[in-house]
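**Student:** Sequence and predicted structure are below.
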Amino acid sequence: MEKVFPHLAGQSAETRTRRFFLALAVLLGFLQAWASRMDLVNDTVSYLDMGDGIWHGHWAMAINGLWGPLYAAILGIAVGVGRPSLYWEYPLVHLVVFAIFLFALWSFDFFLRQLISLRRENESSEECAVPAWVWMTIGYTLFLWSCLQLIEVSETNPDMLVAAFFFCACGMLVRIRRSAVGSATYLSFGLVLGLGYLTKSIMFPVSLLCLAAAFALGRRQPRQTWRFAGAVAVFLALAVPFIVALSLQKGRITFGESGHYNYAIHVDHVPRTHWQGETPGSGKPVHPSRQIVDRPATFEFGTPLEGTYPAWTDPSYWYDGVQTPFHLRSAIATETRLLRIETLFFFELHGALLATLFVMFYVGRVKLRDFSAYWFLLLPAAGALLMYAAIHIEPRYLAPFLVVFLLSLFVSVHLPSSLESLRLSSGFAIFLFLMFIVPVESTSLHVKEFLRDVTGRSKSDPNSYQAVATAMQRLGLKPGDRIASLEYSLYGMSTWARLARARIVAEVYYAPGLAECASNDFWTSDPATQEKVIQAVGKTGARVIVSHAAPAPPTAAGWSRVGNTDYYAYWLNPPTREFSGSSTPDPAATRLVLKTK
């Protein structure tokens with residue numbers, strides 16, 4: 001049968017390969033989400049606070065210079081509908097992220113199948129017809145690598161959603177290139193790009209590049225100009241209201257403050273939090289956080305922003321007035337340094353990426369026109385990589401753009417028609433996958449953690465966010481109470497405070513890992529200075545001061561350990577009685593009251 005109908009054998013292999021990778025992706029994604037279900041990335045606290053505001057109709061909470069409103073709205077709907085207890089709120093967030101991962105998987109599958117179809121259409125009779133299962137293996141290996149090791153399902157920030165929208169947009173670009181489109185595709189294209197922008201501001205310039213590519217691809221086709229206008233209209237219908245609202249809030253035209261803020265932090269080296277205008281040439285803050293003690297540097301920030309940790313609810317608010325002067329030499333140095341780091345991603349998967357590309361390019365027929373055939377994918381992918389290289393990069397930022405860029409390089413290679421070429425392409429596809437799966441047990445595949453949990457052999461962490469929040473509630477902390485921290489609250493303090501529905505309104509700006517504030521340790525100060533800090537914090541309305549370090553000396557008066565955790569509390573307004581009752585109160589009774597900004 002296969003000899004008579006060889007295409008059926010290829011189709012069967014393609015189907016089997018696709019089903020295998022889909023099942024593998026779902027399994028690995030679920031295990032990664034399960035292993036991290038009780039944890040949370042610190043930025044997500046701000047998204048959850050925004051989501052609460054959106055769910056309760058406080059729409060001003062959606063207008064934020066750094067955090068996109070779409071992901072916040074998704075979390076707000078999930079928490080609002082699910083009404084999780086203290087224990088289950090963060091697992092619910094991971095369930096949402098896992099669902100977004102499945103959406104990214106669907107989007108990539110759509111993109112990859114469209115790309116394989118385009119590749120088949122571009123093949124000539126003189127070159128090797130690479131089987132579809134080979135492209136499936138290469139493509140899905142890149143997807144698994146990017147989403148499980150660069151972004152990670154355990155990462156509760158919106159980067160997975162950005163990847164999903166970008167993959168979907170690229171799939172539609174390929175359809176436009178193949179002329180297999182109608183009005184629905186163009187309208188969906190504009191919708192996807194608009195939603196991508198509402199997820200993260202980097203997608204605004206990337207969307208413009210995608211729209212430019214779509215226009216160039218369809219301008220010579222009948223009626224495509226009007227269809228393209230529909231895509232632009234849908235994109236603008238989603239993007240313009242947010243741009244107008246944000247621009248009115250900032251008093252200038254802006255589509256997002258993320259680039260402005262990160263340039264100040266990572267290029268001009270302005271302090272990442274509590275900027276007071278101390279950096280020469282950085283400008284003067286319009287409304288900085290209030291410094292209440294000089295040494296150790298202690299700040300109050302309870303108003304006017306709402307949320308668990310107002311200093312991080314919208315960092316761009318506190319940085320209004322920051323100046324980012326352009327210096328050509330500094331810009332070139334930054335771009336060069338970060339581009340050098342980006343090239344290191346070609347050495348990932350134990351060097352298999354670079355080795356596979358090198359041999360395929362060496363053996364295959366590669367001309368400039370082969371690359372130019374996929375320019376419409378290379379343009380937005382390379383554009384995003386260059387934009388990130390101008391300011392700041394993290395693996396999760398680059399993941400979807402690296403995948404599209406690398407896949408465009410792979411499909412540009414045309415191998416000579418021979419049995420050796422067929423074996424070479426098949427061998428390298430398998431080799432690439434094996435180099436991904438080899439370290440997966442210790443990185444992406446959390447089998448040990450899963451088995452330990454389901455068999456009941458795991459031990460609860462006494463310092464988990466849930467344990468700390470529960471212990472503080474048992475000591476008398478109530479929803480809406482103001483608290484102060486002796487450490488930089490972004491690193492863990494705000495994450496348990498979110499569960500307790502408390503508000504951090506003051507902090508000693510201290511974190512051992514940050515050079516800018518490593519010397520602000522409260523516990524190395526003399527007793528008189530410590531008392532001065534406590535009195536200053538007491539005037540902020542904070543009910544309790546919390547420390548994640550043991551008091552020094554251990555006999556320091558007024559400090560008590562928080563349950564079995566490593567946290568310690570100093571009550572400025574002691575509870576009249578120990579909190580009794582359920583450790584997981586009704587979410588409706590513990591929800592923060594969010595005011596319209």
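**Tutor:** That came through fine. Numbering: from 1, shown residues only.
**Student:** then the one helix or strand A399 maps to to CSV, C-alphas only?
**Tutor:** Assigned by DSSP states H and E, A399 belongs to helix 395-412. Output of helix 395-412 as CSV, limited to C-alpha atoms (Å, rounded to 0.1, in the frame of the first residue of the first chain):
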residue,chain,number,x,y,z
PRO,A,395,15.1,34.7,27.6
ARG,A,396,11.3,34.8,28.1
TYR,A,397,11.1,38.1,26.1
LEU,A,398,12.9,36.7,23.1
ALA,A,399,11.4,33.2,22.9
PRO,A,400,8.7,33.5,20.2
PHE,A,401,10.8,35.8,18.0
LEU,A,402,13.8,33.4,18.2
VAL,A,403,11.6,30.5,17.1
VAL,A,404,10.1,32.2,14.1
PHE,A,405,13.6,33.5,13.1
LEU,A,406,15.2,30.1,13.4
LEU,A,407,12.4,28.3,11.6
SER,A,408,12.7,30.8,8.8
LEU,A,409,16.3,29.9,8.5
PHE,A,410,15.6,26.2,8.5
VAL,A,411,13.0,26.3,5.8
SER,A,412,15.3,28.5,3.6
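**Student:** Quick one: list the elements packing against the longest helix seen in the chain.
**Tutor:** Longest helix in the chain by number of residues, with DSSP state H as the criterion: helix 89-122. For helix 89-122, the packing partners by 3 or more Cβ pairs under 8 Å, 6 or more residues apart in numbering; DSSP states H and E come out as helix 6-35, helix 69-82, helix 132-145, helix 159-177, helix 395-412, helix 493-500. C-beta coordinates here come from the backbone N, C-alpha and C atoms, glycine included.
**Student:** cutoff 7 Å now
**Tutor:** Contacts defined by 3 or more Cβ pairs under 7 Å, 6 or more residues apart in numbering; DSSP states H and E place helix 89-122 against helix 6-35, helix 69-82, helix 132-145, helix 159-177, helix 395-412.
**Student:** Quick check: which of the ones you listed is buried the most?
**Tutor:** For the helices and strands packed on helix 89-122, the largest average neighbour count (mean count of other Cβ atoms under 10 Å) is found in helix 159-177, namely a mean of 26.
**Student:** next SSE after that helix?
**Tutor:** Downstream of helix 159-177, the next assigned helix or strand under DSSP H and E is helix 183-199.
**Student:** same question for stretch 77-96, mean pLDDT?
**Tutor:** Averaged across stretch 77-96, the pLDDT comes to 96.
**Student:** picking that back up, could you list every helix and strand that the helix holding A399 packs against?
**Tutor:** Here helix 395-412 touches helix 89-122, helix 132-145, helix 159-177, helix 375-389, going by 3+ Cβ pairs under 7 Å, 6+ apart.
**Student:** now the angle from the first one to helix 159-177?
**Tutor:** Going back to what we said before, that points to helix 89-122. In terms of direction (axes from the mean of the first three to the mean of the last three Cα atoms, to 10 degrees), helix 89-122 departs from helix 159-177 by 20 degrees.
**Student:** just so I know, which of the helices and strands packed on helix 89-122 lies nearest S125?
**Tutor:** helix 6-35 (15.4 Å; Cβ to Cβ).
**Student:** How far does the closest one sit from its chain's centre?
**Tutor:** 25 Å (Cα atoms, centre = their mean, to the nearest Å).
**Student:** ok, back up a step: neighbouring contacts of the helix holding A399?
**Tutor:** Helix 395-412 has contacts (Cβ atoms under 7 Å, 6 or more residues apart in numbering) with 115, 119, 138-139, 142-143, 146-147, 150-151, 155, 159, 162-163, 166-167, 170, 342, 345, 353, 357, 366, 370-371, 373-374, 377-378, 381-382, 384-385, 388.
**Student:** Endpoint to endpoint, stretch 283-301 covers what distance?
**Tutor:** 20 Å (Cα to Cα, to the nearest Å).
**Student:** Can you mark which positions in that stretch are buried?
**Tutor:** Buried positions in stretch 283-301, judged by neighbour count with 16 or more other Cβ atoms under 10 Å: 283, 285, 288-289, 292-293, 296-301.
**Student:** now swap in stretch 564-580 and tell me
**Tutor:** Across stretch 564-580, burial judged by 16+ other Cβ under 10 Å covers 565, 567-570, 572, 579.
**Student:** Same question for stretch 88-105.
**Tutor:** For stretch 88-105, a neighbour-count test (16+ other Cβ under 10 Å) marks 88-98, 100-105 as buried.
**Student:** same check, this time on stretch 429-440
**Tutor:** Those buried within stretch 429-440 under the rule 16+ other Cβ under 10 Å are 429, 431-433, 435-437, 440.
**Student:** is it true that Y47 touches L66?
**Tutor:** No: if you go by Cβ atoms under 7 Å, Y47 and L66 don't touch, sitting 10.3 Å apart.
**Student:** When these two are compared, which one has more neighbours?
**Tutor:** For the pair Y47 and L66, the greater number of neighbours falls to Y47 (24 against 21), based on other Cβ atoms under 10 Å.
**Student:** any idea whether that one is helix, strand or coil?
**Tutor:** Three-state assignment for Y47 (DSSP: H, G, I helix; E, B strand; the rest coil): helix.
**Student:** Check what pLDDT it gets.
**Tutor:** Reported pLDDT for Y47: 98.
**Student:** The closest residue to T303 other than its chain neighbours: how many residues sit nearby?
**Tutor:** Computed as Cβ to Cβ, 6 or more residues apart in numbering, the closest residue to T303 that is not its neighbour in sequence is P310, at 7.6 Å. Residues lying near P310 (other Cβ under 10 Å) number 23.
**Student:** mind checking pLDDT for P310?
**Tutor:** With respect to pLDDT, P310 scores 97.
**Student:** Isn't it up against F299?
**Tutor:** No: contact criterion Cβ under 7 Å: P310 and F299 do not qualify, at 10.8 Å.
**Student:** by contact count, what packs against the longest strand along the chain?
**Tutor:** Longest strand of the chain, by residue count under DSSP state E: strand 503-508. Here strand 503-508 touches strand 298-300, strand 482-485, helix 493-500, going by 3+ Cβ pairs under 7 Å, 6+ apart.
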